[in-house]
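# Take this sequence and fold it.
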Amino acid sequence: MQPAPTDLSLLREAAASVKLVVVDMDGTFLLPGKIFPERGNELVARLRERGIIFCPASGRQYQTLADMFSAHVEGMPIIAENGANVRRDGEPLAITTLPRETSARVVEIVRELSAAGEDVGTVLCGEKAYAERSDTAFLDETLAYYHANAIVPDLMPHTEGIYKIGVLSFADPLRRVIPLLETLGPGVDVVRSGELWTDVNPAAATKGTGLAGLQASLGISPAQTLCFGDFNNDIPMFEHAHFSFAMANAQPDVVEAARYVAPSNAEEGVITVANDLFELGL
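Now for the predicted structure:
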């Protein structure tokens, strides 16, 4: 593993070839505390001036990501809901949903955990993000990710057309949440997407499949793609990007999967690497 920001041969190669920059949000582009970096919009504008496409890729909702990049969202592709909802200018490029029965079973599992004393909650991510919990602790952890949301008395009527399910656990999700979700069987992927969050995704949709579909629609190859990530749900992207960067704060498995390492999100590692590329003629 090479500390990429000091590897000039890598940077020169990237500066000469990159056409698409794909960036995870939490723990990668965003600063600690989920703060949008002051230089973030400047970075997107500089890339656009050079004809390079910037694409956020996140477990977050499409509308949330569109709001975050409102100054540049026109023409910007967005990989949302871990690749199950890929759009450009609101138009779908790739859409994958979970079977209604799977969504309903996840609701049941989380309700059973809650009844057993676990501090957990479910977010069904369709055209809106639907949740049953309305307490402050839950909403404080949820609303930043899901701008188009609805608190409902019963999730069961909203289990159709779901791109992704987020399960929030205030205790370690590895202890009880993930083992139970992994009993859902084939057709779904259960992936830890944050310290408190576990996502249930259609097995046919990952950030990697979303990126591959986007590359096909744009006519851009993996050799022309630069991506950044920090958590397990970012690993599938690395298979479709020659220039794959794990953040210095990334999970060990993510560092192992990436080709290179960028400075941490606290150090604005994405912007640091991009600025190095600009200096080399990107």
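
# Pull out the buried positions in stretch 242-262.
242-251, 254-255, 257-258, 260-262 (16 or more other Cβ atoms under 10 Å). (C-beta placed from N, C-alpha, C; glycine too.)

# taking those one by one, which sit in strands?
Using DSSP state E, the subset of the buried residues of stretch 242-262 located in strands is 243, 244, 245, 246, 247, 260, 261, 262.

# residue ranges with poor pLDDT in the protein?
1-8, 173 (pLDDT under 70).

# which one is the residue nearest the centre of it nearest to, not counting chain neighbours?
Residue closest to the average C-alpha location in the chain (Cα atoms, centre = their mean): residue 58, at 1.8 Å. Nearest in space to residue 58, with sequence neighbours left out and distances taken as Cβ to Cβ, 6 or more residues apart in numbering, is residue 25 at 4.4 Å.

# what's the burial count for the one you found?
Using other Cβ atoms under 10 Å, residue 25 has 22 neighbouring residues.

# what do you get for the one 10 residues further on?
Burial of residue 35, expressed as a neighbour count using other Cβ under 10 Å, amounts to 10.

# Same check on residue 123?
26.

# And it, its phi and psi?
Dihedral pair for residue 123: phi -120, psi 120, per degrees, to the nearest 10.

# That one reaches residue 168, doesn't it?
Yes: with contacts defined as Cβ atoms under 8 Å, residue 123 counts as touching residue 168 at a distance of 7.1 Å.

# which neighbours do these two share?
Shared contacts of residue 123 and residue 168 (Cβ atoms under 8 Å, 6 or more residues apart in numbering): residue 142.

# what sits against the residue nearest to residue 58?
56, 57, 58, 60, 65, 68.

# Let's see that with 7 Å instead.
The neighbourhood of residue 25, defined by Cβ atoms under 7 Å, 6 or more residues apart in numbering, consists of 56, 58, 60.

# Give me the neighbour count for residue 31.
Residue 31, neighbours per other Cβ under 10 Å, totals 16.

# mind checking how far it is from residue 214?
Note on residue 31: its distance to residue 214, by Cβ to Cβ, to the nearest Å, is 26 Å.

# Parallel or antiparallel, which strands does the helix or strand where residue 198 lies pair with?
In the assignment (DSSP states H and E), residue 198 maps to strand 197-202. Strands that pair with strand 197-202, judged by DSSP bridges, come out as strand 164-169 (antiparallel), strand 188-192 (antiparallel).

# right, and the ones you listed - which one's nearest residue 89?
strand 164-169 (21.4 Å; Cβ to Cβ).

# who touches the next helix or strand after the closest one?
With elements assigned by DSSP H and E, the helix or strand that comes after strand 164-169 is helix 177-181. Residues outside helix 177-181 that contact it (Cβ under 7 Å, 6+ apart) are 106, 109, 113, 120, 167, 169, 190, 192, 198, 200.

# change it to 6 Å
The contact list for helix 177-181 (Cβ atoms under 6 Å, 6 or more residues apart in numbering) reads 109, 167, 169, 190, 198.

# Looking at those residues, which is nearest residue 231?
residue 198 (11.2 Å).

# tell me the contacts of that closest one?
167, 173, 177, 178, 192.

# related to what we said a few turns ago, now restrict the contacts of helix 177-181 to buried residues only.
Buried among the contacts of helix 177-181 (16+ other Cβ under 10 Å): 109, 167, 169, 190, 198.

# Out of those, flag the one nearest to residue 205.
Of the buried ones among the contacts of helix 177-181, the one sitting nearest to residue 205 (Cβ to Cβ) turns out to be residue 190, at 13.3 Å.

# Going by contacts, tell me the helices and strands next to the longest helix seen in the chain.
Assignment by DSSP state H gives helix 100-115 as the longest helix of the chain. Applying 3 or more Cβ pairs under 6 Å, 6 or more residues apart in numbering; DSSP states H and E, one finds that helix 100-115 contacts strand 120-125.

# same thing but 10 Å
strand 120-125, strand 164-169, helix 177-181, strand 188-192, strand 197-202 (3 or more Cβ pairs under 10 Å, 6 or more residues apart in numbering; DSSP states H and E).

# and that helix with strand 197-202, angle?
Per axes from the mean of the first three to the mean of the last three Cα atoms, to 10 degrees, the angle that helix 100-115 makes with strand 197-202 is 160 degrees.

# For helix 100-115, buried residues please.
Residues 102, 103, 104, 105, 106, 107, 109, 110, 113 are the ones in helix 100-115 that count as buried (16+ other Cβ under 10 Å).
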